[in-house]
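In: Show me the folded form of this:
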Amino acid sequence: VGEVLHRHKMAKHFDLTIGDASFSFRRKAEAIAAEAALDGLYVVRTNLSAEVMGDAETVTAYKSLSRVERAFRSIKTVDLEIRPIFHWASPRVKAHVFLCMLAYHVEHHMRSKLAPLLYDDTDRETAARMRNSAVAKAQRSPSAVRKETTGRTEDRLPVQSFQSLLGDLATYCRIQATTPLNENYVFTLTS
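Out: Presented below is the predicted three-dimensional model:
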């Protein structure tokens with residue numbers, strides 16, 4: 001019985017009586033009703049006063065944590081592809097974390113500079129104004145929707161994902177060369 005209750009996380013809703021030759025249970029109607037009243041809701045509490053941070057700012061700050069979670073997931077899988085490395089010595093663990101954060105810092109700045117070429121929403125102020133509350137689902141700005149539907153930027157350049165843009169950039173090459181006749185003449189080729 002315990003295994004089933006714990007697997008489904010329902011122990012808090014039942015009073016169990018288990019004897020040598022008997023088993024009985026009773027549903028805790030009050031606890032079930034109290035939890036049902038909160039179904040689909042979440043509560044965000046802070047120790048800051050309402051003057052320092054209001055309700056909308058608190059929810060917005062909480063929702064911004066999803067970017068941090070996405071960053072850590074991204075570090076290990078999709079974007080940076082840093083596989084799990086197991087360290088036991090404290091200096092090596094610190095060095096590994098430092099390198100991961102440094103790599104993410106570089107990626108963050110690359111994404112912000114390359115945002116006009118990506119599907120990212122570069123007009124977040126307009127998107128924020130389109131939202132009627134911090135709890136409502138985020139809206140994409142009209143410029144982001146236009147980029148997504150046309151596949152082109154305002155300058156008619158193709159819009160790409162971060163991964164495909166990195167792949168394209170990896171094919172570019174800059175070479176400095178000299179001519180066999182005059183080694184003082186240096187020219188640069190970009191291909």
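
In: Run a quick neighbour tally on Lys137.
Out: Neighbours of Lys137 under the rule other CB atoms under 10 Å: 6. Where you see a C-beta, it was placed from the backbone N, CA and C, and this is true even at glycine.

In: Distance check, it against Leu181.
Out: From Lys137 across to Leu181, the span is 66 Å (CB to CB, to the nearest Å).

In: does the residue nearest to the spatial centre of the chain count as helix, strand or coil?
Out: Nearest to the geometric centre of the chain sits Arg70, at 2.3 Å (CA atoms, centre = their mean). Using DSSP: H, G, I helix; E, B strand; the rest coil, the structure places Arg70 in helix.

In: pLDDT score for Pro84?
Out: At Pro84, the pLDDT value in this model is 63.

In: Then Glu30?
Out: Reported pLDDT at Glu30 in the predicted model: 91.

In: Report the mean confidence score over whichever helix or strand His109 is part of.
Out: In the assignment (DSSP states H and E), His109 maps to helix 90-114. For helix 90-114, mean pLDDT is 85.

In: Could you do stretch 46-53 as well?
Out: 90.

In: and the protein, what are its domains?
Out: 1-38, 49-114, 118-190 (the TED database).

In: per-stretch mean pLDDT over those domains, give me the minimum one.
Out: domain 49-114 (a mean of 80).

In: Give the closest residue to Thr17 in space, chain neighbours not counted.
Out: Closest residue in space to Thr17, ignoring its immediate chain neighbours: Ser24 at 4.7 Å, by CB to CB, 6 or more residues apart in numbering.

In: Over to Ala127?
Out: Ser141 is the one closest to Ala127 (CB to CB, 6+ apart), at 4.2 Å.

In: can I assume Ile175 is in contact with Leu189?
Out: Yes - here Ile175 reaches Leu189: they are 4.5 Å apart, a contact under CB atoms under 8 Å.

In: Next up, the contacts around Gln176.
Out: Gln176 makes contact with Val186, Phe187, Thr188, Leu189 under the criterion CB atoms under 8 Å, 6 or more residues apart in numbering.

In: separation between the third one and Arg174?
Out: This points to Thr188. 6 Å.

In: Please apply the same query to the last one.
Out: Using CB to CB, we find Leu189 at a distance of 7 Å from Arg174.

In: re earlier: and the contacts of Gln176, which is closest to Gly151?
Out: Within these, proximity to Gly151 (CB to CB) peaks at Leu189, which comes in at 30.3 Å.

In: Next up, the contacts around the closest one.
Out: Cys173, Arg174, Ile175, Gln176, Ala177.

In: Wait, a helix at the fourth one?
Out: By that I understand Gln176. No - read with three-state DSSP, Gln176 is strand and lies in no helix.
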